[in-house]
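[1] 3D, please:
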Amino acid sequence: MKTADISTQIISMAQRTKQASRVLRSMSAELKNTLLLETAEALLAGREMIQQENNLDMAAAQERGMGSAMLSRLHLSDAVIQEMVTGLREVATLSDPVGEIENLRRRPSGILVGRMRIPLGVICMIYESRPNVTIDAAALCLKSGNAVILRGGSEALRSNLALAAVFHEVLKRHRINPDIIQVVPTTDRSAIDVLLQQEESIDLVIPRGGEGLIRAVTAKSRIPVLKHYKGVCHAYIDVNADMEMAQGIVLNAKIQRPSACNALEGMLVHQAIAGEFLPRAAMALHREGVRLLGCVRSQEISTLIEAAEEEDWGREFLDLTMVVRIVDSLDEALEYIECHGSRHTETILTRSYANSQRFLQEVDASAVMINASTRFNDGGQFGLGMEIGISTSKLHAYGPMGLNELTTRKFVVLGNGEVRA
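    Now for the predicted structure:
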């Protein structure tokens, strides 16, 4: 397809989605929940068709030499389809935030002023590899009253179109315009460039993938972008830490799912306990296949720690590799995190109330934890149901984005004939 034709197609898609989004503003929670539950059943009924399309994507990806990790993310196994079904059912049980009026108060003039939760409007999701994001994003956007344009990776196009088709059948059954959930039907990258210019039709762009994708989207977009460049998460083992607890948390945070953005990438150890803690922790991590890169002082304590290069500090490894650094104080740990963290997740392991409270107040991250694994920074673990992503920027959300984070608030005024003096 020619670039001009693609541009026309994408502009039309964005405009149709904007027009269709109006029906969602007043859609009842009951109807939203019915749509989600029926889509869950339709996924199960359409599993064979979905997996046939996914198998074609898998075969093409293997032919192109895609790595095993990416192939695993692309595969719509029975277990992954069941996870999508479970997610849809969970979102259906969540309270609908749309229409809630908060902080209603009477002013001296007599008017009542409050703030009502409303949808953002049209959200554009740009993501890589994982076709299950198609269902996750569509479900959360529907429940929060937003229309959505989905642009998945070229390697998952057939899978994404098949999943959207299941949703569309349910919408048509209820005579609802299927344009509220759209998948970009072309793999041409120029489609993304056109999408990112549609500020009159699209209200928010959410890129979900590697740092390169997110930076490229941010550089080109005229539309506000929810950013999450990378997850460089640290654990600070304080002088007052319970060493056994700290070791267990570090192990979980690093090895439970090392490719996740909330996995541990760095360990900061107070010098007063490093001699006792590091050899034990290094041995436990080594047994799990973790490669440790550390500062000179940490290497002197454990022969299992290799020398870190300058570029390793603040690096997102996304595998069984992490850095180790000995610090002389909480102040030094805070300074290191300020310099090398990514505002994603940071945890302090300590028995000191004062130190834990300083850490909570002074660390700038979307989730700050005391004596807990960084792996808990997740919408499901925080009780949000599904999440559409984790924001490490502060406008307009910070941390996992669930239903509330996909809404904004407008002022509402309730009067009884009042006029301004």
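[2] The residue lying closest to Gly210 once chain neighbours are set aside: neighbour count?
    Distances taken as C-beta to C-beta, 6 or more residues apart in numbering place Glu128 nearest to Gly210, at 6.9 Å, with adjacent residues excluded. Where C-beta positions appear, they are placed from N, C-alpha and C, glycine not excepted. For Glu128, the neighbour count with other C-beta atoms under 10 Å is 19.
[3] ok, Glu128 - contacts?
    152-153, 208-210, 213 (C-beta atoms under 8 Å, 6 or more residues apart in numbering).
[4] now the protein, which segments are flagged as low pLDDT?
    Along the chain, the model assigns pLDDT under 70 to residues 1.
[5] Start from the N-terminal end of it and give the helices.
    3-20, 29-45, 47-63, 68-74, 78-93, 132-143, 157-173, 190-195, 211-220, 243-255, 271-287, 296-301, 330-340, 353-362 (DSSP state H).
[6] Dump these into TSV; add distance to Phe411 and mean neighbour count as well.
    Compiled in TSV, those are given as follows (distance: least, C-beta to C-beta, whole Å; neighbours: other C-beta atoms under 10 Å):
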stretch	distance to Phe411	mean neighbour count
helix 3-20	23	17
helix 29-45	23	18
helix 47-63	44	16
helix 68-74	43	15
helix 78-93	28	17
helix 132-143	24	26
helix 157-173	32	21
helix 190-195	31	19
helix 211-220	30	16
helix 243-255	42	20
helix 271-287	52	17
helix 296-301	54	17
helix 330-340	36	17
helix 353-362	31	14
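[7] Could you export those as JSON lines, including distance to Ile202?
    JSON lines is the format used below for those (distance: least, C-beta to C-beta, whole Å):
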{"stretch": "helix 3-20", "distance to Ile202": "6"}
{"stretch": "helix 29-45", "distance to Ile202": "21"}
{"stretch": "helix 47-63", "distance to Ile202": "26"}
{"stretch": "helix 68-74", "distance to Ile202": "26"}
{"stretch": "helix 78-93", "distance to Ile202": "22"}
{"stretch": "helix 132-143", "distance to Ile202": "12"}
{"stretch": "helix 157-173", "distance to Ile202": "18"}
{"stretch": "helix 190-195", "distance to Ile202": "7"}
{"stretch": "helix 211-220", "distance to Ile202": "12"}
{"stretch": "helix 243-255", "distance to Ile202": "36"}
{"stretch": "helix 271-287", "distance to Ile202": "44"}
{"stretch": "helix 296-301", "distance to Ile202": "48"}
{"stretch": "helix 330-340", "distance to Ile202": "34"}
{"stretch": "helix 353-362", "distance to Ile202": "36"}
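[8] what sits against the spatially most central residue of the chain?
    For the chain, the residue sitting closest to the mean C-alpha position, by C-alpha atoms, centre = their mean, is Gly389 at 1.7 Å. Listed by C-beta under 8 Å, 6+ apart, the contact partners of Gly389 are 206, 208, 226, 228, 400-401.
[9] now, which of those sits nearest Leu334?
    His228 (22.5 Å; C-beta to C-beta).
[10] what's the neighbour count on the closest one?
    His228 has 24 nearby residues by other C-beta under 10 Å.
[11] What distance do you get for it to Cys295?
    Going from His228 to Cys295 by C-beta to C-beta, to the nearest Å gives 28 Å.
[12] and the residue nearest to Leu406 when sequence neighbours are not counted, what is it in contact with?
    Once flanking residues are discounted, Leu406 sits nearest to Ser144: 3.9 Å by C-beta to C-beta, 6+ apart. Going by C-beta under 8 Å, 6+ apart, Ser144 touches 97-98, 119-120, 403, 406-407.
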